[in-house]
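Enquirer: I'd like to go over a predicted model; first the sequence, then the structure.
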Amino acid sequence: MSTPISLDEFNSIFPTWPDDSLSRRIDRIPAGSSWDIRELGTFQILRSPPAKKTPPTWLEFHFEEASARVRESEPMQSVLQLFRQDWRNKTHEDLTQAAGPFASFVTLLSQVLETAIVSDDPRRDLRGQEVDAHALPSTGLLPSSPSVPSSPPEFPHKRFRKDRSSSSYWPSDESDQSSHDQRAKSEATTNACIYELLRCVTEISRTKNDSPFRLEWTITQDTITVHAGSHEYCTTNDGNFVHKAHRMGCWQRASNFSYCSIEAKSWHNTLEKPRTVKAQEAAHLVAMFSQHMRAEEELQHDLVVPLVSGAQNLFSLVLGNFPKEYEQYLHDGSQLEQLALPKVEEYGMFKMQDSDELRIVFTIIVALNLKLQSLGPMG
């Protein structure tokens, strides 16, 4: 079942609406990491297909300035030139010298690409799936035809958290991972790659005429609790764009407000994101919208909240477009006769190793910084 694009599709996918609305749903809402199609219905989320060619209207005003900064940046142009060469043949030492200020991003991207695996299954726990013999590295010990084991292998159990929903768990130690899991790049590697890209582009693109209000990327995770009618749920992101300031003798985060969240995945589908990944992104977007509700007494206008989404070598900017009437629905589950439907737009998915697409990613990141800086302090 796909995510609804329009009101007609929403009514078709959820024919018993409003039985599952915030005001009528009885069972609890799971953590954001466990959201699926049902939660998209409860929170009335629509989602457009991803687009690459047209810049998001929300960033359109800043795109010309962002394009100029990318064009005039020697470090960015050097990386784009590097990616037009056979850079995958270079050692990390060579890449560090060639990439300059972007060395951390480029070396992490090379690791992400080493054994990138494409899957349409977003589950983090993949121990029960079969591993094709051709996907394993050759050791000279494999027989000419794969043999079937007499009994299924045993894998370590998940270690459940005590303070989260039953579907969330602490990742096992590296030493007890199955060979299947070891072949997949961890979310930590993907997350570090996305974070370093965001950090490098944002810091390199700054100018002396920029606003003194300063936003910086942090890889520190935030867990946000969302109160929705009589329900609540928690969602944990993979990093944030936050306000930093000099306070009490040190440079530190000035508020708990997230201007943009990061969501990183170690597995992906190159054609379309799995439904559960889209649902988890929606959980983050609703959480950031709820932060705006707490920061402002009453929303005076529709609101756009951004999310950076990464899956191995793919980069997307995901935008949640929330009508101001959605504040009332999230507050107590009530709304006017016309549904307050947030709509999610995705600008991507861009391959970061492709120089032409990476140039667009650079421009998006610079424009995002300019846009969010223009909003000023919040939270």
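Expert: Done, it's in.
Enquirer: Show me where the stretch 201-350 of the chain has its strands.
Expert: Assigned by DSSP state E, counting those that start in this stretch, the strands in the stretch 201-350 of the chain fall at 214-218, 223-228, 231-236, 240-247, 250-253, 260-265, 303-311, 314-322, 343-351.
Enquirer: now for those, which one comes closest to residue 201?
Expert: Each of those has some distance to residue 201 by C-beta to C-beta; the shortest is strand 214-218, at 9.4 Å. For every residue, glycine as well, the C-beta is placed using N, CA and C.
Enquirer: Now do stretch 323-336: distance to the chain's middle.
Expert: 25 Å (C-alpha atoms, centre = their mean, to the nearest Å).
Enquirer: Using PDB, list the CA coordinates for it.
Expert: Extracted C-alpha coordinates of stretch 323-336, given in PDB (Å, rounded to 0.1, in the frame of the first residue of the first chain):
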ATOM      1  CA  PRO A 323      -1.400  24.300   7.300                       C
ATOM      2  CA  LYS A 324      -1.800  26.500  10.400                       C
ATOM      3  CA  GLU A 325      -5.100  24.700  11.100                       C
ATOM      4  CA  TYR A 326      -3.100  21.500  11.800                       C
ATOM      5  CA  GLU A 327      -2.100  23.100  15.200                       C
ATOM      6  CA  GLN A 328      -5.600  22.600  16.500                       C
ATOM      7  CA  TYR A 329      -5.800  19.000  15.200                       C
ATOM      8  CA  LEU A 330      -2.500  18.100  16.900                       C
ATOM      9  CA  HIS A 331      -3.600  19.900  20.100                       C
ATOM     10  CA  ASP A 332      -6.900  18.100  20.700                       C
ATOM     11  CA  GLY A 333      -7.800  16.100  17.600                       C
ATOM     12  CA  SER A 334     -10.500  18.500  16.400                       C
ATOM     13  CA  GLN A 335     -10.700  20.300  13.100                       C
ATOM     14  CA  LEU A 336     -13.100  22.000  10.800                       C
END
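Enquirer: ok, residue 373 - how many residues close by?
Expert: By other C-beta atoms under 10 Å, the residues close to residue 373 number 18.
Enquirer: That one: what's its closest spatial neighbour, skipping adjacent residues?
Expert: Ranked by C-beta to C-beta, 6 or more residues apart in numbering and with sequence neighbours excluded, the top spatial neighbour of residue 373 is residue 211, at 4.9 Å.
Enquirer: From residue 377, how far off is that neighbour?
Expert: 11 Å (C-beta to C-beta, to the nearest Å).
Enquirer: More neighbours: which of the two?
Expert: Comparing residue 211 with residue 377 by other C-beta under 10 Å, the one with more neighbours is residue 377, at 13 against 10.
Enquirer: need the contact list for that one.
Expert: Residues in contact with residue 377, defined by C-beta atoms under 8 Å, 6 or more residues apart in numbering, are 213, 243, 254-255.
Enquirer: Mark which of those are buried, thanks.
Expert: Buried members of these, counted by 16 or more other C-beta atoms under 10 Å: 243, 254.
Enquirer: Could you measure from residue 70 over to residue 201?
Expert: Residue 70 sits 8 Å away from residue 201, going by C-beta to C-beta.
Enquirer: So for these two, which residues contact both of them?
Expert: With C-beta under 8 Å, 6+ apart, residue 70 and residue 201 have common neighbours 76, 362, 366.
Enquirer: could you redo those residues as CSV and give each row distance to residue 112, secondary structure and pLDDT?
Expert: Formatted as CSV, these follow (distance: C-beta to C-beta, whole Å; DSSP: H, G, I helix; E, B strand; the rest coil; pLDDT from 0 to 100):
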residue, distance to residue 112, secondary structure, pLDDT
76, 20, helix, 98
362, 18, helix, 98
366, 22, helix, 98
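Enquirer: Out of these, which is nearest to residue 349?
Expert: Within those, proximity to residue 349 (C-beta to C-beta) peaks at residue 362, which comes in at 15.8 Å.
Enquirer: residues near the closest one, how many?
Expert: Neighbour tally, residue 362, other C-beta under 10 Å: 25.
Enquirer: Can you tell me the closest non-neighbouring residue to it?
Expert: residue 70 (4.6 Å).
Enquirer: helix/strand/coil for the one you found?
Expert: helix (DSSP: H, G, I helix; E, B strand; the rest coil).
Enquirer: ok so, going back, so between residue 70 and residue 201, which is more surrounded?
Expert: residue 201 (29 against 24).
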